[in-house]
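Novice: The sequence isn't on hand, but the structure is:
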């Protein structure tokens, strides 16, 4: 229980996907112009990254069982592409309302490095089990959403500010993200494990 | 002459990092030392040349409706080859670059060139385009890495794989540690992008009198 909580919160605050791992920068800079779209995109990402973590875990077991780890990159990217397409079709059929809300963001996610990134981290770096993988995927996406909403909020403010032409758009967005990243560094010193052990009163 | 134009296009006019702002994730994540920047850039260049060539050769065979999955399979094959080669010959660099090597497969530059150039042009031009774009990416990565390595550690050209600790320019005590952590990546890229925009603007203003 404690280790799941630690995985969840450290993926959001300490190893934030956008600010400290540099994954999913493209949609972060491209989509986050307005708070509303940032939230919509965020829910789509949470959904897809949770699912992708679960499915790629199963495929990773399969690859290991068949001794064809070489095919990992190829398998993961195809599985993720198919998954996004499939989710889009199912949503369209089963829940048109949700589809209208999330649908336009789904195709954007297919090529997103964050989804493949979380799958590769789960499989190659952390060797998480099934539940840990899913928690990590969802938490990474929650962290992504949180930062994107905060960022969109600040972006709405400085959109009308008098900024030198050369810094408009991407340059200032990157500098703002850099400052946000500095702020998130403050979480680095947290000992999450101790915190949760004390809160839950167990070793 | 067109070959030369296709080649230089990626270096300056449509530089993927500073003009198109594509492939930003690896740009900031690995630009800690010049060695990393060069390694990542050349790995992406190798994939780009290979995938551009194969996709250009197959451009009449691949059906239009399923072209994107086909491109991805070709790209993933080359990424796997590069991944395994680096693991064998430069294990230190391979470890530092970590998941960013398999992530070349989702680097927007490569899919964008397959879609916008290789699927519409003959193999020789696609090769030139791949090489130009790849080297443009490598040059941009090297520039960002130079700034970060110099300011962040006080030395340049450190290469662990070859047992070289780098050329020390100033003492490590004076180095700005912030450049070697994630915020440094965002700040360096942001300011360099602003500087390049500013230089471009000034040149245009001069041209127009």
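Specialist: Thanks, I have the structure now. The shown structure was predicted, so the numbers you read here are calculated from the model rather than taken from an experiment.

Novice: Only C-alpha atoms from now on, for both contacts and neighbour counts.
Specialist: Noted.

Novice: any idea how far the closest residue to residue A:48 other than its chain neighbours is from chain B?
Specialist: Of all residues not flanking residue A:48 in the chain, residue A:84 sits nearest, at 6.9 Å (Cα to Cα, 6 or more residues apart in numbering or on different chains). The gap separating residue A:84 from chain B is 13 Å, by Cα to the nearest Cα, to the nearest Å.

Novice: ok, residue A:84 touching residue A:49?
Specialist: No. Counting by Cα atoms under 8 Å, residue A:84 stays clear of residue A:49, with 9.8 Å between them.

Novice: Of those two, give the one with the bigger neighbour count.
Specialist: residue A:49 (30 against 23; other Cα atoms under 10 Å in any protein chain shown).

Novice: Using the three-state scheme, assign the residue nearest to the spatial centre of chain B.
Specialist: Taking Cα atoms, centre = their mean, the centroid of chain B lies closest to residue B:137, which sits 3.2 Å from it. Classification of residue B:137 using DSSP: H, G, I helix; E, B strand; the rest coil returns helix.

Novice: Quick check: it touching residue B:19?
Specialist: No. Under the criterion of Cα under 8 Å, residue B:137 makes no contact with residue B:19, lying 10.6 Å away.

Novice: Show me the shaky parts of the chain.
Specialist: Just going to use chain A. For chain A, applying pLDDT under 70 flags the ranges A:31-32, A:101-112, A:202-203.

Novice: My question was about chain B, not that one.
Specialist: Judged by pLDDT under 70, chain B has its weakly predicted residues at B:1, B:160-161, B:209.

Novice: Near chain A, which residues of it are found?
Specialist: Chain B has residues B:22-26, B:28-29, B:69, B:72-73, B:76-77, B:79-80, B:99, B:102-103, B:105-108, B:182-187, B:189-195, B:197-198, B:201 near chain A, with proximity defined as Cα under 8 Å from any Cα of the partner chain.

Novice: Now the buried members of these.
Specialist: B:22-26, B:28-29, B:72-73, B:76-77, B:79-80, B:99, B:102-103, B:105-108, B:182-187, B:189-194, B:197-198 (16 or more other Cα atoms under 10 Å in any protein chain shown).

Novice: What about the residues you listed, which are in helices?
Specialist: Among those, the residues falling in helices (DSSP state H) are B:24-26, B:28-29, B:72-73, B:76-77, B:79-80, B:108, B:182-187, B:189-194, B:197-198.

Novice: Distance of residue B:15 relative to chain A?
Specialist: Distance from residue B:15 to chain A, by Cα to the nearest Cα: 15 Å.

Novice: ok, and the closest non-adjacent residue to that residue?
Specialist: Distances taken as Cα to Cα, 6+ apart place residue B:136 nearest to residue B:15, at 5.6 Å, with adjacent residues excluded.

Novice: Residue A:75 too?
Specialist: Excluding the flanking residues, the one nearest residue A:75 by Cα to Cα, 6+ apart is residue A:59, at 7.9 Å.

Novice: name the element the one you found belongs to?
Specialist: Residue A:59 belongs to helix A:35-66 when assigned by DSSP states H and E.

Novice: thinking residue A:72 is in contact with residue A:60, fair?
Specialist: Yes. If you go by Cα under 8 Å, residue A:72 and residue A:60 touch, sitting 7.4 Å apart.

Novice: Which of these two has more residues huddled nearby?
Specialist: Neighbours were counted for residue A:72 and for residue A:60 using other Cα under 10 Å; residue A:60 has more, 22 against 19.

Novice: Apart from its chain neighbours, what residue comes closest to the more buried one?
Specialist: residue A:123 is the one closest to residue A:60 (Cα to Cα, 6+ apart), at 6.9 Å.

Novice: gap between the one you found and chain B?
Specialist: Taking Cα to the nearest Cα, one finds residue A:123 at 11 Å from chain B.

Novice: in stretch A:42-62, what counts as buried?
Specialist: Result for stretch A:42-62 [16+ other Cα under 10 Å]: buried residues A:42-57, A:60.

Novice: Residues contacting it, please?
Specialist: Under the criterion Cα atoms under 8 Å, 6 or more residues apart in numbering or on different chains, residues A:72, A:75-76, A:79-80, A:83-84, A:102, A:105-106, A:109, A:115, A:118-119, A:122-123, A:129-130, A:133-139, A:141-142, A:144-145, A:148 lie in contact with stretch A:42-62.

Novice: mind running it again at 7 Å?
Specialist: Under the contact criterion Cα atoms under 7 Å, 6 or more residues apart in numbering or on different chains, stretch A:42-62 has outside partners A:76, A:80, A:84, A:102, A:105-106, A:115, A:118-119, A:123, A:130, A:133-134, A:137-138, A:141-142, A:145.

Novice: on that earlier part again, helix, strand or coil for the residue nearest to residue A:60?
Specialist: Relying on three-state DSSP, one would call residue A:123 helix.

Novice: Can you tell me the centre-most residue of chain A?
Specialist: Mean-position check on chain A, Cα atoms, centre = their mean. Result residue A:141 at 3.0 Å.

Novice: For the host helix or strand of residue A:183, buried residues please.
Specialist: Using DSSP H and E, residue A:183 sits in helix A:170-184. Residues A:170-182, A:184 are the ones in helix A:170-184 that count as buried (16+ other Cα under 10 Å).

Novice: do the same with stretch A:122-129
Specialist: Neighbour counts over stretch A:122-129 (16+ other Cα under 10 Å) mark A:122, A:123, A:128 as buried.

Novice: My guess is the last one contacts residue A:119. True?
Specialist: No. Using Cα atoms under 7 Å, residue A:128 and residue A:119 do not qualify as a contacting pair, with a distance of 10.2 Å.

Novice: How far off centre is stretch A:27-47?
Specialist: 11 Å (Cα atoms, centre = their mean, to the nearest Å).

Novice: typo on my end, it should be stretch A:186-195
Specialist: With Cα atoms, centre = their mean, you get 21 Å for stretch A:186-195.

Novice: Need the residues that contact that stretch.
Specialist: With Cα under 7 Å, 6+ apart, stretch A:186-195 has contacts from A:2, A:6, A:13, A:14.
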